[in-house]
Every structure is written in C-alpha cells, then in structure tokens.
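K.L.:
Based on what follows, work out the 3D shape:
(one chain, ligands or ions: 1)
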Amino acid sequence: MSQNNQKEVWVFIEHHQNKVQDVSLELLGKARELADDLNGRPAALLLGNQTTELINQVKAYGADAVYLVDSPELAQYKTLPYSRAACQMIKKHDPEIVLFGATHTGRDLAPRIASALGTGLTADCTDLKIADYTHRDKVYEKILYQIRPAFGGNIIATIVNPEHRPQMATVRDGVMPIPSPNGNGKSIDIIPEEVYFDKSDLAIEILKQEFEEKSIDLKGSQIIIAGGYGFGSKENFKLIRELADALGAEVAGSRAAVDAGFVDKGRQVGQTGTTVRPKLYIAVGISGAVQHTAGMKESSKIIAINNDPDAPIFKIAHYGIVGDLNQVIPKLIEQFKNRG
Ligand code: FAD
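P.N.:
Residues are numbered from 1 along each chain as shown. I've put the predicted structure just below:
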C-alpha cells in the first residue's frame, strides 16, 4: 500500500437515485469527530457514474476529500465491480479507517473488501471512538474502538483491530445524528481515479429495477408512540392508533408486539428494528429491554406508561406514568382532543 500520512477516515458513500443515503451522512459526521481525534481528515469514497450532484452533497456534510471513481460500470450497485474499485482505492491510498452503513449494500460489500485486504471488520456498530489500547505491555495509540451489542444485546462489546489496516466497521442506520449541512463554501480535494475491472467483475447485468416507496417513515417522525406486549391483543392495540391520530404521531412497536402480530414488522424499534431519535417518544406497555432501548434512547424526550413501577423503561424515561394503559390512554386521547 502507498503511504498516506494524513490518517484518513473514509466513509463509503451509499447513494440511490442520485441522493446520498442518510446513513452515509451520519457517518460523515462521525468521521469528522474521529478524524479530529486522529489529527487526520474525513474523506468520502464515492463510486458511481455521473457523480457531480453526489459530490456536492458529500461536500456539504463535512468530507474534506472525495476519492472518486466515476465509471459507467459503477452506475448501479453491483457487488463485484464495487468491491474491485473499493479495494484498489484503499490499497492505493491507505486510509486508517473505512466505515460503511450496516445496510444491505454495506453488509454485502464490507466483508468482501475486508477479506480481500486481509483486515478485520466489525459489523453493526452502534458507537465508535478513538482511544489508546494496551495489550501485553504494548501500547497501540489512537486505535478505533468499535462498539456494538453482543450476546443478544446483553453486553456491549468493544472490538479493536490493532495490527491491520484499514480498521473497518459497518454502522447501524440512525444511531448517529446527521450533521448540519454547512460545508458548501469550503474547498474540497477531489481525487479522481481510474480502476481496472476484470471481465469477470462485469458478468452480471441488471436488466430492470423496481423500487417501492417506503410507506412507513419512522426515522423521519418527530413524535412516535410505541406499544408493547402490555397491550395484550391486536384489538387493544387500536388504542395506540387513536392516540397517535390525536397527536399527529407515527405508531411503532416493540419486538414482542410485532411477534404477537399487534403491529407490522416495519414499525419495530430496537436492535433488530429501526433506530429512531424523535423529539418525543411515548413507550406504552413496553418493559424497556436493552434491545428495545438501543433503538430509542437518544430520543429528546421519553415518556413511559407502564403498570409496573419497577419496569426498566422508567430508568431512561424523562417522565413516567405508573398505571394501567387501558385507563391512561383514553384519558390522554380525551385531553389531546379537547385541546384540539
Ligand atoms: P414485555 O417485556 O412482555 O413487557 C410488557 C410490559 O407491559 C411490562 O413492562 C408490563 O409491566 C407492561 N404492562 C402489562 N400490562 C400493562 C397494562 N395494562 N398497562 C401498562 N403496562 C402494562 N425487542 C425490541 O423491542 N426491539 C428489537 O429490535 C429487539 N431485538 C432483539 C434482538 C435480540 C437478539 C433479542 C434476543 C431480543 C430482541 N428484542 C427486541 C426483544 C427484547 O429482548 C424484549 O423481549 C422485548 O423488547 C419485550 O417487548 P415488550 O417490552 O413489549 O414486552
């Protein structure tokens, strides 16, 4: 690998229909923090075709440099040409850290790259930081701490990769805030490169793609009312919909509520569902298992309604109502309706 003395933190830019995906913007914010701790710089790895608009978006969200491969072979995401291009770019420019969204694309691409480069990869991180690490009296300075739930979410594991480069991680969508766009006026290094594709990389041709618009936008909602197994039945879960209508909120659920068929899987919040950070999150009949709170604890205000005063959800709630949801929710609906 060529020597890069800049200690760069790269973000693989995922894009769809000429729009950079939120997870990549979230990672650009984190890359800036990590790069500051490393005295390095955050950079984007942008693979695609006709990328001018994408470069503008990446620049606005904080990248100092864009490593760019703009090629018709990269017009749509395909595993082999994308991994070929990414590996060549990483080998040539030797970044310290490379981050991917833990999306379908990131989960497909990152392990291939890590394996081809003979380095490690931590999947599904929920936090990242830079710190020194000591092992058998040897101090590794400014290593990437890759933090993620393990053993079913019951412990939080910190994983390091001190000996190999780059240090690589995929990070869950929604766990980090999107930075405010403010980099429009600044200059940015654009480093265009050509890559070599093997004929076998291009064996797959995409003939047609169909996209379905997402009907649920939990991540974009300012108010979320989530119901748990405490509702007892799908019929009773209707109460939560009435409350959500009265408040203009989106409905969500715990995994137990999803498994019981009270609410659709697409509305599950938590470790294996969506991560949300609304202005207001109301958790009703939800115990507050770590796998649930992992997906909502960054909400600005949390209100919990539970008939068990010792329910763990009260430990992270800003306000708590101890009571039977069957009595509390109708009263809330009435109050909100009366206030218009
Ligand atoms: P319960 O734990 O059964 O809690 C129900 C609550 O309702 C209780 O606190 C009870 O006091 C209260 N209650 C009962 N009746 C009433 C009433 N009348 N009025 C008021 N309160 C009442 N869970 C998720 O939510 N999201 C995930 O993404 C997720 N991922 C997981 C991943 C793994 C690998 C594993 C192992 C588990 C995962 N879970 C997830 C499951 C998680 O561990 C819990 O089992 C789940 O969150 C519990 O859901 P709950 O709080 O609705 O149900």
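
K.L.:
Let me know whether Gly323 touches Pro309 as I believe.
P.N.:
No: using Cβ atoms under 8 Å as the test, Gly323 is too far from Pro309 to be in contact (9.8 Å). Just so you know, the C-beta spots here come from the backbone N, C-alpha and C atoms, and that holds for glycine as well.

K.L.:
Give me the more crowded residue out of the two.
P.N.:
Shown here are Gly323 and Pro309; by other Cβ atoms under 10 Å, Gly323 has more neighbours (14 against 9).

K.L.:
can you pull the contacts of the more buried one?
P.N.:
For Gly323, the contact set (Cβ atoms under 8 Å, 6 or more residues apart in numbering) comprises 305, 307.

K.L.:
Let's see the pLDDT reported for it.
P.N.:
What the model reports as pLDDT for Gly323 is 96.

K.L.:
Let's verify the residue nearest to His135 when sequence neighbours are not counted: helix, strand, or coil?
P.N.:
With sequence-adjacent residues excluded and distances taken as Cβ to Cβ, 6 or more residues apart in numbering, His135 is closest to Pro162, at 6.8 Å. Pro162 falls in the coil class when you classify it by DSSP: H, G, I helix; E, B strand; the rest coil.

K.L.:
so what's Pro162 up against?
P.N.:
133, 135, 140, 143.

K.L.:
distance of the closest residue to the ligand within the stretch 1-150 of the chain from Ala157?
P.N.:
Residue of the stretch 1-150 of the chain nearest the ligand, by Cβ to the nearest ligand atom: Pro149 (8.1 Å). According to Cβ to Cβ, to the nearest Å, Pro149 and Ala157 sit 7 Å apart.

K.L.:
of the two, who's got more company?
P.N.:
Set Pro149 next to Ala157 and count neighbours by other Cβ under 10 Å: Pro149 wins out with 18 against 12.

K.L.:
wait, is the more buried one part of a helix?
P.N.:
No: going by three-state DSSP, the assignment for Pro149 is strand, not a helix.

K.L.:
so what's it bridging to?
P.N.:
Pro149 has these beta-bridge partners by DSSP bridges: Ile156.

K.L.:
just checking, it touches Ile159?
P.N.:
No: using Cβ under 8 Å, Pro149 is not in contact with Ile159; the gap is 11.6 Å.

K.L.:
For the stretch 51-200 of the chain, give me the ranges with low pLDDT.
P.N.:
183-185 (pLDDT under 70).

K.L.:
rerun at 80
P.N.:
Across the stretch 51-200 of the chain, the ranges flagged by pLDDT under 80 are 152-153, 182-186.

K.L.:
any idea where the helices of the stretch 1-150 of the chain begin and end?
P.N.:
Ranges of helices within the stretch 1-150 of the chain are 22-38, 52-60, 79-93, 104-117, based on DSSP state H, counting those that start in this stretch.

K.L.:
pull the CA atoms of the third one into PDB?
P.N.:
What it means is helix 79-93. The C-alpha trace of helix 79-93 is given here as PDB (Å, rounded to 0.1, in the frame of the first residue of the first chain):
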ATOM      1  CA  THR A  79     -21.000  -6.400  -5.700                       C
ATOM      2  CA  LEU A  80     -18.000  -7.400  -7.900                       C
ATOM      3  CA  PRO A  81     -17.200  -4.100  -9.700                       C
ATOM      4  CA  TYR A  82     -17.800  -2.100  -6.500                       C
ATOM      5  CA  SER A  83     -15.600  -4.300  -4.400                       C
ATOM      6  CA  ARG A  84     -12.900  -4.300  -7.100                       C
ATOM      7  CA  ALA A  85     -13.000  -0.500  -7.200                       C
ATOM      8  CA  ALA A  86     -13.100  -0.100  -3.400                       C
ATOM      9  CA  CYS A  87     -10.100  -2.500  -2.900                       C
ATOM     10  CA  GLN A  88      -8.000  -0.700  -5.500                       C
ATOM     11  CA  MET A  89      -8.700   2.700  -4.000                       C
ATOM     12  CA  ILE A  90      -8.000   1.500  -0.400                       C
ATOM     13  CA  LYS A  91      -4.800  -0.200  -1.500                       C
ATOM     14  CA  LYS A  92      -3.600   2.800  -3.300                       C
ATOM     15  CA  HIS A  93      -4.500   5.500  -0.700                       C
END
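
K.L.:
packing partners for that helix?
P.N.:
The contact analysis (3 or more Cβ pairs under 8 Å, 6 or more residues apart in numbering; DSSP states H and E) places helix 79-93 against strand 8-12, strand 41-48, strand 65-70, helix 104-117.

K.L.:
again, 7 Å this time
P.N.:
strand 41-48, strand 65-70, helix 104-117 (3 or more Cβ pairs under 7 Å, 6 or more residues apart in numbering; DSSP states H and E).

K.L.:
ok, now the longest one?
P.N.:
With contacts taken as 3+ Cβ pairs under 7 Å, 6+ apart, helix 22-38 sits against strand 8-12, strand 41-48, strand 97-101, strand 127-135.

K.L.:
With mean neighbour count and distance to the ligand as added columns, please give the ones you listed in TSV.
P.N.:
As requested, the helices and strands packed on helix 22-38 are exported to TSV (neighbours: other Cβ atoms under 10 Å; distance: least, Cβ to the nearest ligand atom, whole Å):
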stretch	mean neighbour count	distance to the ligand
strand 8-12	28	25
strand 41-48	25	30
strand 97-101	28	18
strand 127-135	15	17
